[in-house]
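Colleague: how does the following fold in three dimensions:
(one chain, ligands or ions: 1)
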Amino acid sequence: MLRKKQKLDDQNEPSPAPAAGEFTLSRFANTPKPKLTHASHLTSKIVTVAEGQPQEVDKSDAQEVANGSTEPYWQQVYRIELKLSADLRNVSLPDEVAACYDPIAYADEIHRAYMDRFLDGPKHVLFIGMNPGPWGMCQTGVPFGYVPAVRDWMGLRGTVQKPEGELSVRPVEGLSCTREEQSGKRWWGLFEELCGNPESFFRSCFVYNLCPLAFFHKSGRNVTPSELKSKAKGEIQTIAEKYLAAALQVLQPKIIISVGRYTEDRVKALVKQNKLDATVIRTLCIPHPSPRSLNNTNWNEKAKRWLEDNDALQQARLANDLKEVPVGCVFVYGPNEGDGVIIARGCNLVNETKNATRHVEFICIDQALEYARAHGFEPPESIFTSISVVVTVEPCIMCAAALLNLGVREIVYGCRNDRFGGSTVLDVARLLKSNIPIRGGVRGDEAMELLKEFYKGENPSAPMPKARTSKKASG
Ligand SMILES: [Zn+2]
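Modeller: Numbering: from 1, shown residues only. Here you go, the predicted model:
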């Protein structure tokens, strides 16, 4: 499974292999914090440029809050969790489930302290766990909440109430619980070993649970969401996916790391439904630390090796804060002209990925192929004949050639690319004897303003353009 996932990622993210030894594990937790400034500014502009095209923009209320209120950041995520937990509690559970614990409710003091202290803004890397374990989060309200890790390492305190319908075989004793949660001990033990203090871990990482509820058989056996019987299982999956999408809108991770297969499948479902933002660079899956998983006695070694292997790739990708030349692009898919949906969107990831070929058109081509595979296009490339490409800046020679070869329906761009334009500098269409229409100058002034604003010194790693107003966007 893991190998398959890796392969999929490799297909989507072709990039040069980083030199051996160019990373360290400690750097894993010290990647710089993403800043909202440029990316969000860019996203809104992309939408503006694409105005008039039919699109599916999912504006969740979480995002609205993110854009306008002074509410502490963590509370935006917390509100989503509360709604999630309320919806989940409405699911009628099979008879085998004798109790359902909601630690976000009865352990809310520590849970909120965890969020307040460690969730101060978007995180580069988001780990997603499945649901609370009986001696971990059920006691402390913290994902993988092994008591010593929560109390002594993170230094969190708080009163823990009793859950409704508490089972005597599954008592909740809060921070005075002496039973050890093996998964949590392994999980936080590893990051304590790698990062030292919690601040270095949480600077760019966060751990979030897909489902905040724990389910127990009357014998006390922990019934995970993946083990529930069909109807409840399906309902819980649907609800969990819906709120995961909402939480991701706020958390804005660049890298999503599922902990275990069940969570990975939920993330994959979001990819399939095209609900992940284009700013997500990678989705990965780390083996679950549970001793219940097969052959998992050496999880610590396995996880370290996994982090090392993937850290190397991450270093090549994470690099710096998003500081890209603001070229935004959307692919509009519509078998009939005039009705279409946006199936791919993004901005350049050249600096982010340290890969000079990650122009936005290629990011979108990957997304379109993913969409085509998920929707059964055979061959996947056949989708391109129904795609209109809308991009703020004239595609460069490389991208124009790729798009024309793929046979897109049309290319519409904003301002001219005076140096590398695949239409105005070198007429690639003529070279390839293609009669695919390429139309420029659509809201070109706005696109040019965007570029100028950007080059006023916001991007230290971008080449400085020559300020030649005479060559301003024409058509
Ligand atoms: Zn290009």
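Colleague: go ahead and flag the most central residue of the chain.
Modeller: Centroid-nearest residue in the chain, with CA atoms, centre = their mean: V280, separated by 4.0 Å.
Colleague: residue numbers of this protein in contact with the ion?
Modeller: H359, C396, C399 (CB under 5 Å from the ion). In this view, the C-beta of every residue, glycine as well, is placed from N, C-alpha and C.
Colleague: domain-wise, how is the protein divided?
Modeller: 73-304, 312-456 (the TED database).
Colleague: pull out the buried residues from stretch 177-194.
Modeller: 177, 181-192, 194 (16 or more other CB atoms under 10 Å).
Colleague: mind putting those residues into a markdown table with pLDDT and secondary structure?
Modeller: Listed next are the buried residues of stretch 177-194 as a markdown table, based on pLDDT from 0 to 100; DSSP: H, G, I helix; E, B strand; the rest coil:
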| residue | pLDDT | secondary structure |
| --- | --- | --- |
| C177 | 96 | coil |
| E181 | 91 | coil |
| Q182 | 93 | helix |
| S183 | 94 | helix |
| G184 | 96 | helix |
| K185 | 96 | helix |
| R186 | 95 | helix |
| W187 | 96 | helix |
| W188 | 96 | helix |
| G189 | 95 | helix |
| L190 | 91 | helix |
| F191 | 90 | helix |
| E192 | 91 | helix |
| L194 | 82 | helix |
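Colleague: so which of those comes closest to R203?
Modeller: Minimum distance to R203 across the buried residues of stretch 177-194 is 11.9 Å, recorded for F191 (CB to CB).
Colleague: would you confirm that that closest one contacts F201?
Modeller: Yes. Using CB atoms under 8 Å, F191 is in contact with F201, at 4.9 Å.
Colleague: would you map the strands across the stretch 101-250 of the chain?
Modeller: Remark: strands assigned in the stretch 101-250 of the chain by DSSP state E, counting those that start in this stretch are 125-129, 205-209, 214-217, 222-223.
Colleague: next, format these as TSV and append mean pLDDT and mean neighbour count.
Modeller: Putting the strands of the stretch 101-250 of the chain into TSV (pLDDT from 0 to 100; neighbours: other CB atoms under 10 Å) gives the following:
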stretch	mean pLDDT	mean neighbour count
strand 125-129	93	24
strand 205-209	94	23
strand 214-217	96	22
strand 222-223	94	19
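Colleague: out of those, which gets nearest to H111?
Modeller: Nearest of these (CB to CB): strand 205-209, 10.2 Å.
Colleague: neighbouring contacts of that closest one?
Modeller: 29, 77, 118-119, 123-132, 137, 143-144, 187, 247, 251, 253 (CB atoms under 8 Å, 6 or more residues apart in numbering).
Colleague: using neighbour counts, trim those residues to the buried set.
Modeller: 29, 77, 118-119, 123-132, 137, 143-144, 187, 247, 251, 253.
Colleague: what's the pLDDT at C347?
Modeller: As predicted, C347 sits at a pLDDT of 71.
Colleague: hang on, it packs against R358?
Modeller: No. Using CB under 8 Å, C347 is not in contact with R358; the gap is 10.2 Å.
Colleague: now for these two: what residues contact both?
Modeller: With CB under 8 Å, 6+ apart as the test, C347 and R358 reach no residue in common.
Colleague: how many residues are close by G441?
Modeller: 16 (other CB atoms under 10 Å).
Colleague: can you tell me the SS state at it?
Modeller: Secondary structure, DSSP: H, G, I helix; E, B strand; the rest coil: G441 is coil.
Colleague: repeat for E264
Modeller: On the basis of three-state DSSP, E264 is classed as helix.
Colleague: I'd guessed it sits against S258; true?
Modeller: Yes. With contact defined as CB under 8 Å, E264 counts as touching S258 (3.9 Å).
Colleague: what residues do these two have in common as contacts?
Modeller: Common contacts of E264 and S258 (CB under 8 Å, 6+ apart): T283, C285.
Colleague: make sure L284 is indeed in a strand.
Modeller: Yes. According to three-state DSSP, L284 belongs to a strand.
Colleague: sitting in helices, which of the buried ones among the contacts of strand 205-209 do you find?
Modeller: The helices, defined by DSSP state H, take in V77, F118, M137, W187, A247, L251 from the buried ones among the contacts of strand 205-209.
Colleague: look up how far N209 lies from the residue nearest to the fourth one when sequence neighbours are not counted.
Modeller: Leaving aside its sequence neighbours, W187 sits nearest to F144 (CB to CB, 6 or more residues apart in numbering; 4.1 Å). In this structure, F144 and N209 are 9 Å apart, going by CB to CB, to the nearest Å.
Colleague: quick check: neighbours shared by these two?
Modeller: G129, M137.
Colleague: can you list the low-confidence ranges for the stretch 201-350 of the chain?
Modeller: Across the stretch 201-350 of the chain, the ranges flagged by pLDDT under 70 are 278, 281, 309-326, 337-338, 348-350.
Colleague: for it, what spans make up the helices?
Modeller: All helices of the stretch 201-350 of the chain, identified by DSSP state H, counting those that start in this stretch, fall at 230-251, 261-272, 299-318, 350-353.
Colleague: which parts of the first one are buried?
Modeller: Within helix 230-251, the residues scored as buried using 16+ other CB under 10 Å are 232-233, 235-237, 239-251.
Colleague: same thing with stretch 92-111?
Modeller: Here stretch 92-111 shows 93, 96-111 as buried, counting by 16+ other CB under 10 Å.
Colleague: taking the mean pLDDT, what do you get for that stretch?
Modeller: The model assigns stretch 92-111 a mean pLDDT of 95.
Colleague: sorry, back to before: now the helices of the stretch 201-350 of the chain in TSV, please, with extra columns for distance to L404.
Modeller: Compiled in TSV, the helices of the stretch 201-350 of the chain are given as follows (distance: least, CB to CB, whole Å):
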stretch	distance to L404
helix 230-251	34
helix 261-272	28
helix 299-318	28
helix 350-353	21
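Colleague: which stretch among those helices comes nearest V341?
Modeller: Short answer: helix 261-272, nearest of the helices of the stretch 201-350 of the chain by CB to CB, at 14.7 Å.
Colleague: who does that closest one touch, helix- and strand-wise?
Modeller: Packing partners of helix 261-272 (3 or more CB pairs under 8 Å, 6 or more residues apart in numbering; DSSP states H and E): strand 125-129, helix 230-251, strand 255-259, strand 282-286, helix 360-374.
Colleague: distance between that helix and the chain's centre?
Modeller: With CA atoms, centre = their mean, to the nearest Å as the basis, helix 261-272 stands 11 Å off its chain's centre.
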